[in-house]
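[1] Whatever this is, show me its structure:
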Amino acid sequence: MMETISQQAANLRHEWETDPRWAGIERTYSAEDVIRLRGSVAPEHTLARRGANRLWQLLHSQDAVRALGALSGNQAVQMVKAGLQAIYLSGWQVAADANLAGQIYPDQSLYPVNSVPEIVRRINNALLRADQIAWSESPDGLGDGDGPHWLAPIVADAEAGFGGVLNAFELMKSMIDAGAAGVHWEDQLSSEKKCGHLGGKVLIPTGQHINTLTAARLAADVSGVPTLVIARTDAHAATLLTADIDERDTPFVTGERTADGFYRVRSGMAPCVARGLAYAPYSDLLWMETSTPDLQEAREFAEAIKAVYPDQVLAYNCSPSFNWRAHLDEATIAKFQKELAAMGYRFQFITLAGYHALNHSIFELAHGYAREDMSAYVRLQQAEFAAEPLGYTATRHQREAGTGYFDLVTQAIKPAAETTALAGSTESAQFASARLPGLGVTGPADGLGGLGQQLPGAAARAGQQAGAARGGGDAGRLERLVVVAGVLVDQVALPPGRDEQRHDQDDPGRAEDPADAHRLEPRAERVRPHRDVVHRPRHADRVQHGPRDQPDPGQAGRQRGDPGDDDQQPGQQRGAREGAERQQQPGGVQQASAAGRKCRRRGARYRGMKLVERPSAAEEHRRGQHDGQRDSVEMPHVCLLSGAHAAAK
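    Sure, this is the predicted structure:
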C-alpha cells in the first residue's frame, strides 16, 4: 500500500535530521512541500544517485578530487582510464564546440539550455559502454580494484541558471535526468552572463542567488537524489550589480549607476567572503572564481569561510585562463594543488582542459602532416603504442568503440552467425601485442609472423612462472593458450580426474585417448564461450601452433579446401621454439567455415569449426615430428579463435 503524503514527509524529515549528509544544510521549504511535488510515481535516477554518493564519499575521504574538463564522451573515457576519479563539464566548452545549436559561441549563455544535460548524457553513455566492454572481457565480472571505476561522477556547469528560479529548478532536474553528480551555479545575471575571466559581469543580489541555490536543492529533493549543489561567486572581479536592495551587498555599492541602470560595486576579496558566508548553508561546495593562481588569496578566502563553517568543502578552478608560468615558478606550480588541498579545496579542476588538449593535438598532427605526409601520423600511432603499457587502448579503435561487445550480442542471438565484425578485421590482424598473463606488455607485434616469433619465448616464461607457482619449478606447462579477438583465453579446465600433464607427454606407448583424436585448426571463426575458459583482455589476436600441434603437411594441405586462402604458404616458418632449433615442415592453414559444427575437446564445446585428424603420438614419433629434444615448457594446445569467444553448452 502506498504511503500517504504525511507519512512520506515524516520519513524525509527524519532523514534530513539524522543523516550526516544533510548536516548544516538549510532549506526554506518543508518535507511536505517536497513530497507533494514528487507525485505518486517517483522515477529512479540511478546514475545521478550513484555519482552523487561517490563524489560525496571521495570528497570526504581524500585530500582532493582532481578533474579535467571533458568535451566529449571519448575524452571522459580516456580521463577515467588514465586514473582520474571525476569529470568536469564546462559550459564554456559546450558553448565553444559541443552545443545543440551546432554553433561556436563565447561563454555568454547563448546556446540552448538543454545542451549541457545532453553532453552529460553523452559522457555517461560513453562511460557505460566502456564499463560494458570491460565487464564482457573479464573472467567473471569486475570487483573493486579491477580496473577503473568507469562511472566517474560528473560535475556540470549550469552557468547562471538561464533565467529565474523556475528555470533553475527545471535545469537541475534535467541535469539529474542525464546523470550529473554535482551542478554549479554562479551569481551573475543570466541575461548578461559572461565567462568568469571576461569583463562586463553583472552580479545579482546575494539573496537572489540564494533563491537559485534553493531552487536547485528543491529539484534534487523532489527527484530523490543527493545531487551536490555548488555555489560560485564572481564578486572577485565583477564591478556591476543589478540592484542594491540586499543589505549584505550594501557595503560594496559605490552609489554610481551605469547607462544600463546597473549599480557599480567594489570587487575583491571582501565581497567574495561576504557572499561565500551567505551561500554556505545552502550549498555543498563553495567556489570563488579568481583572476590569477594565487595561493595567498586562496588561503585568505578559505580561512575566512572555515572560521564560521569549519566543515565547508571548497572548490578551485585551476584555469587555463591563467598564464601559469608568468605568475609562478616550477616549484610552486608543482606544489600548488597540494597546498590548495591542505586549505580545504577538495575539488580541483581544469575547466578547459579538453578544449586545449584537442586543439593543440590536432594542430600538431596537421602541421606535421602538411609537411611530412604519413611520417607525422605514424609518430602519433607510435606514441599510442608506447602508451599501451600505461593502460591506453584506443590504438585498437574498433574494440574501443564496442565492436567486440556487439559481436557478443550477435553471437548471443545467432550462435552460428558468420557476420561478426572483429573476425577478419584489419585491427585483429595488424594490431596485435605479444602480451601474456602475468608478463605485462612485451611490445607490439608486427602483425602475424612477428607474434608467432615472439610467442614461444614469452609463453615459456609464463609457463615457468605458472610451474613455479604450482611448485613445479621450470617444468610448468601452459595447457591451452587461445587468443580470441583481443581476448587471451589462457586456461581450460579438464573434466574431473583427467591428468592434464599426462596429456602433454610424448609417450608413444600409452593408450590412445579418444579425446585426443581431433585437434582444433587455426582461425576457427565461430566459437561460443565456455564456462571453464578464463578470458583476459589481450592485444593479441593471432597465436601460432606449438610444436606438439604441428599439422600433418599433406593432410592439412588436402583439407584446406579454399584455393584463395594463402594465409600461410608452404615452407613459411610456423613459429619460434626455445631449447632446440629445427626446420619447420611445410603446411597450410585451413579457413574454418562450417557453421554449427560441434566438437567436444576435453570438456569444452565449440561451434562452427572444422576438425582435422591428429596423428597419434606413436604415429608422430614414427614420422619424426619430434626430435626427442623437449622444451622445459610445452604449448600442446595453442590455437587461434579469431573473433570468437569460448562458450558453455
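
[2] I figured Q75 hits L358, correct?
    Yes: counting by C-beta atoms under 8 Å, L358 is a contact partner of Q75 at 7.5 Å. The way it works is simple: take the backbone N, C-alpha and C, and place the C-beta from them, glycine included.

[3] neighbour-wise, which of the two wins?
    Q75 (21 against 15; other C-beta atoms under 10 Å).

[4] all helices for the stretch 351-500 of the chain, in order.
    For the stretch 351-500 of the chain, helices defined by DSSP state H, counting those that start in this stretch occupy the ranges 353-372, 374-387, 397-400, 403-413, 426-430, 449-469, 500-504.

[5] and the closest residue in space to Y263 that isn't next to it in sequence, what does it touch?
    Leaving aside its chain neighbours, Y263 sits nearest to L241 (4.5 Å; criterion: C-beta to C-beta, 6 or more residues apart in numbering). By C-beta atoms under 8 Å, 6 or more residues apart in numbering, L241 lies in contact with 202-205, 249, 252-253, 262-265.

[6] Pick out the shakiest of the helices of the stretch 351-500 of the chain, pLDDT-wise.
    Note on those: lowest mean pLDDT is at helix 449-469, with a mean of 35.

[7] Low-confidence stretches in this protein?
    The chain contains residues with pLDDT under 70 at 432-649.

[8] Dump stretch 182-202 to PDB, restricted to CA.
    The C-alpha atoms that make up stretch 182-202 are tabulated as PDB, following Å, rounded to 0.1, in the frame of the first residue of the first chain:
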ATOM      1  CA  GLY A 182      27.000  17.800  -8.900                       C
ATOM      2  CA  VAL A 183      26.000  21.100 -10.500                       C
ATOM      3  CA  HIS A 184      27.400  24.600 -10.000                       C
ATOM      4  CA  TRP A 185      25.600  27.900 -10.200                       C
ATOM      5  CA  GLU A 186      27.200  31.300 -10.400                       C
ATOM      6  CA  ASP A 187      25.800  34.600  -9.000                       C
ATOM      7  CA  GLN A 188      25.700  36.500 -12.300                       C
ATOM      8  CA  LEU A 189      22.700  38.000 -14.100                       C
ATOM      9  CA  SER A 190      21.800  35.200 -16.600                       C
ATOM     10  CA  SER A 191      20.800  37.600 -19.400                       C
ATOM     11  CA  GLU A 192      24.300  39.300 -19.200                       C
ATOM     12  CA  LYS A 193      26.200  36.200 -18.200                       C
ATOM     13  CA  LYS A 194      30.000  36.200 -19.000                       C
ATOM     14  CA  CYS A 195      32.900  33.800 -18.500                       C
ATOM     15  CA  GLY A 196      34.400  34.500 -15.100                       C
ATOM     16  CA  HIS A 197      37.500  35.700 -16.900                       C
ATOM     17  CA  LEU A 198      35.800  38.200 -19.100                       C
ATOM     18  CA  GLY A 199      34.800  41.700 -18.300                       C
ATOM     19  CA  GLY A 200      31.300  43.200 -18.100                       C
ATOM     20  CA  LYS A 201      30.000  40.700 -15.500                       C
ATOM     21  CA  VAL A 202      26.800  41.800 -13.600                       C
END
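
[9] ok, and for that stretch, which residues are buried?
    By neighbour count with 16 or more other C-beta atoms under 10 Å, stretch 182-202 contains the buried residues 182-190, 192-197, 201-202.

[10] And stretch 49-68, by the same measure?
    Quick answer for stretch 49-68 (16+ other C-beta under 10 Å): 49-52, 54-56, 58-59, 64-68.

[11] do stretch 274-282 as well
    274-280, 282.

[12] And for stretch 401-411?
    Neighbour-count burial for stretch 401-411 [16+ other C-beta under 10 Å]: 402-405, 407-408, 411.

[13] which SS class is Y111?
    Following DSSP: H, G, I helix; E, B strand; the rest coil, Y111 is assigned to coil.

[14] hang on, isn't it packed against D97?
    No: in this structure, Y111 is not within contact of D97 by C-beta under 8 Å, at 10.4 Å.

[15] So for those two, which sits in the more crowded spot?
    Neighbour totals were compared for Y111 and D97, and Y111 leads with 23 against 17 (other C-beta under 10 Å).

[16] Contacts only, for the more buried one.
    Y111 touches 94-95, 99-101, 103, 105, counting by C-beta under 8 Å, 6+ apart.
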